[in-house]
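S.K.: After the sequence you'll find the predicted model.
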Amino acid sequence: MSAVFTLQDLTVRHIADSAAPPALQGIALSVAPGEQLAIIGPSGAGKTTLLATLSLSQRPESGTFEVFGQQPWTLGQSARHQLRTRLFLAPQTPPLPPRQRVVTAVLAARLPQWSLWRALVSLVKPSDPEAAWQALSRFNLGDKLYSRVDRLSGGERQRCGLARLLLSSAEALLVDEPLSALDPALSELTLATLRQEAASRNAALICTLHQVDLALAHFPRIVALKDGRIAFDLPRAQVTPEMISTLYQGESYTSTPAPRHDEHQAPLAVGGCL
């Protein structure tokens with residue numbers, strides 16, 4: 001089976017700031033089906049840009065880029081859209097309509113598989129609330145099924161966005177800083193759930209994290225970015241404290257996520273970690 005992603009000597013530059021140095025430069029990366037890796041690095045290293053590139057939201061300036069054996073930017077718009085349905089990007093701040101009910105927002109993950117008529121009907125009468133509830137429950141959010149999105153806390157919105165991921169049919173799961181508004185117990189639950197879901201469907205899982213200790217605890221492969229380049233790409237057993245210190249030299253990084261005031265849940269018992 002071909003790689004999910006193949007990048008060779010890839011350069012990405014933001015069009016809005018063409019005079020600035022490339023956001024990513026000389027990137028070489030290959031990700032196999034079912035592989036799970038964390039991307040770490042200082043703020044501004046290019047982590048979010050890399051996920052945007054992998055999700056086909058950002059077009060590379062140069063280099064080789066293949067997704068499931070295809071070069072997406074040589075395809076027509078329709079073929080590229082079809083390829084994009086095999087990917088799921090969960091941004092740090094999910095774009096959820098504020099007046100929408102949570103059940104509808106979560107079921108929107110199935111829009112690529114639905115006809116226009118079915119999508120419109122689901123806005124009025126959710127087609128599969130049980131599936132939405134089950135997805136939310138895996139992130140300890142089942143009681144918010146019929147809440148409005150604008151009544152959710154920041155951390156609840158993050159987990160609502162991740163529940164969408166569970167209902168997608170994607171073969172590559174791209175998750176950007178999913179723990180930024182979560183307390184330590186919810187962080188552990190979230191990473192365990194993401195890894196379990198990826199393993200169950202043999203999907204590639206690529207997750208950007210500021211919490212280095214959680215990246216090392218949960219992911220077998222660590223890719224470090226600094227100044228838009230890959231500083232190292234290693235199995236976690238080969239990542240040393242000295243490497244981490246050098247990577248974040250002059251910067252700070254989070255060892256464990258601090259509790260946030262917008263998370264009111266009691267600490268969770270986390271089980272089933274992979």
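M.R.: On my side now, so go ahead. Numbers count the residues shown, from 1 in each chain.
S.K.: Could you list the domains of the chain?
M.R.: Domain assignment for the chain by automatic domain parsing gives 1-86+170-189+200-274, 95-168.
S.K.: How far does the shortest one stretch from one end to the other?
M.R.: From the first residue to the last, domain 95-168 extends over 16 Å; the measure is C-alpha to C-alpha, to the nearest Å.
S.K.: Can you give the distance from that domain to the centre of its chain?
M.R.: 17 Å (C-alpha atoms, centre = their mean, to the nearest Å).
S.K.: now stretch 166-174
M.R.: Centroid separation for stretch 166-174 versus its chain: 10 Å, with C-alpha atoms, centre = their mean.
S.K.: For that stretch, list every residue counted as buried.
M.R.: Under the neighbour-count criterion of 16 or more other C-beta atoms under 10 Å, stretch 166-174 has 166, 167, 168, 170, 171, 172, 173, 174 buried. Where C-beta positions appear, they are placed from N, C-alpha and C, glycine not excepted.
S.K.: thinking again about what came up before, and the domains of the chain as CSV, adding mean pLDDT?
M.R.: Converted to CSV, the domains of the chain look like this (pLDDT from 0 to 100):
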stretch, mean pLDDT
domain 1-86+170-189+200-274, 87
domain 95-168, 84
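S.K.: The nearest residue to residue 163 once chain neighbours are set aside sits in which helix or strand?
M.R.: Spatial nearest neighbour of residue 163, chain neighbours left out: residue 135 (4.0 Å); criterion: C-beta to C-beta, 6 or more residues apart in numbering. Per DSSP states H and E: residue 135 is located in helix 129-137.
S.K.: Output the contacting helices and strands for that helix.
M.R.: helix 102-107, helix 154-167 (3 or more C-beta pairs under 8 Å, 6 or more residues apart in numbering; DSSP states H and E).
S.K.: Please write out the alpha-carbon positions of the next helix or strand after the last one in CSV.
M.R.: Pointing back at helix 154-167 there. As assigned by DSSP H and E, the chain's next helix or strand after helix 154-167 is strand 172-176. Extracted in CSV, the C-alpha atoms of strand 172-176 (Å, rounded to 0.1, in the frame of the first residue of the first chain):
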residue,chain,number,x,y,z
ALA,A,172,-5.8,10.5,7.6
LEU,A,173,-6.6,12.4,10.8
LEU,A,174,-4.8,15.8,11.2
VAL,A,175,-5.2,17.4,14.6
ASP,A,176,-3.9,20.8,15.6
